[in-house]
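Chemist: Fold the following and give me the result.
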Amino acid sequence: MEVDSRKGEAKADFKHQDILIEVNAVFLHHPSLFTQTQEVLNKAIVSISELRTDVEEIKWENMRRSVGMCVNLYCHALADIRYSDAWCIPPGDYHVYGTASKACRHATARTFPNRRTI
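Modeler: Sure, this is the predicted structure:
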């Protein structure tokens with residue numbers, strides 16, 4: 001088992017060396033091909049880097065928007081709870097519940113049509 005895997009590794013190493021020798025031979029006979037290949041690779045690296053930067057920018061923009069939406073939702077929910085009539089005590093029930101909060105005292109003049117009493 002181990003001998004077979006070592007044979008496979010040796011064959012792969014020889015194949016890799018053969019490919020390197022062939023590539024070097026091609027580049028030695030055609031130096032302009034080597035420079036053209038380098039230029040193409042450099043342009044590809046620059047393009048990939050620009051794309052990566054754009055993706056990061058979009059990711060941060062989306063993160064900023066989502067955090068803003070969460071803060072906005074939280075503030076609206078907090079304001080809705082704070083100024084909602086659902087937390088106010090109906091008029092005439094102060095003896096049951098004690099004193100009403102300052103936010104609910106302004107609502108004592110309103111009517112509470114669908115309010116259940118305890």
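
Chemist: what's the helix or strand containing Cys70 packed up against?
Modeler: Assigned by DSSP states H and E, Cys70 belongs to helix 31-83. Based on contacts counted as 3 or more C-beta pairs under 8 Å, 6 or more residues apart in numbering; DSSP states H and E, the elements that helix 31-83 packs against are helix 2-29. For every residue, glycine as well, the C-beta is placed using N, CA and C.

Chemist: so the helix it packs on versus helix 31-83, what angle?
Modeler: Here the directions of helix 2-29 and helix 31-83 differ by 110 degrees (axes from the mean of the first three to the mean of the last three C-alpha atoms, to 10 degrees).

Chemist: Quick check: mean pLDDT of helix 2-29?
Modeler: Summarised as a single mean, pLDDT over helix 2-29 is 76.

Chemist: counting contacts, what elements does that helix pack onto?
Modeler: helix 31-83.

Chemist: Poorly predicted segments of this protein, please.
Modeler: Applying pLDDT under 70 to the chain picks out residues 1-3, 85-118.

Chemist: Please repeat the previous calculation with a cut-off of 90.
Modeler: 1-39, 77-118 (pLDDT under 90).

Chemist: what domains does the record give for it?
Modeler: The chain breaks down into these domains under automatic domain parsing: 2-83, 87-118.

Chemist: want to throw these into CSV with mean neighbour count?
Modeler: What follows is the domains of the chain, written out as CSV (neighbours: other C-beta atoms under 10 Å):
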stretch, mean neighbour count
domain 2-83, 10
domain 87-118, 12
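
Chemist: Leaving aside the residues adjacent along the chain, what's closest to Pro34?
Modeler: Quick fix: residue 34 reads Phe, not Pro. In space, and not counting its chain neighbours, Phe34 is closest to Phe27: 4.3 Å by C-beta to C-beta, 6 or more residues apart in numbering.

Chemist: State whether that neighbour and Leu33 are indeed in contact, as I suppose.
Modeler: Yes. Look at Phe27 against Leu33 with C-beta atoms under 8 Å: they come within range, at 6.3 Å.
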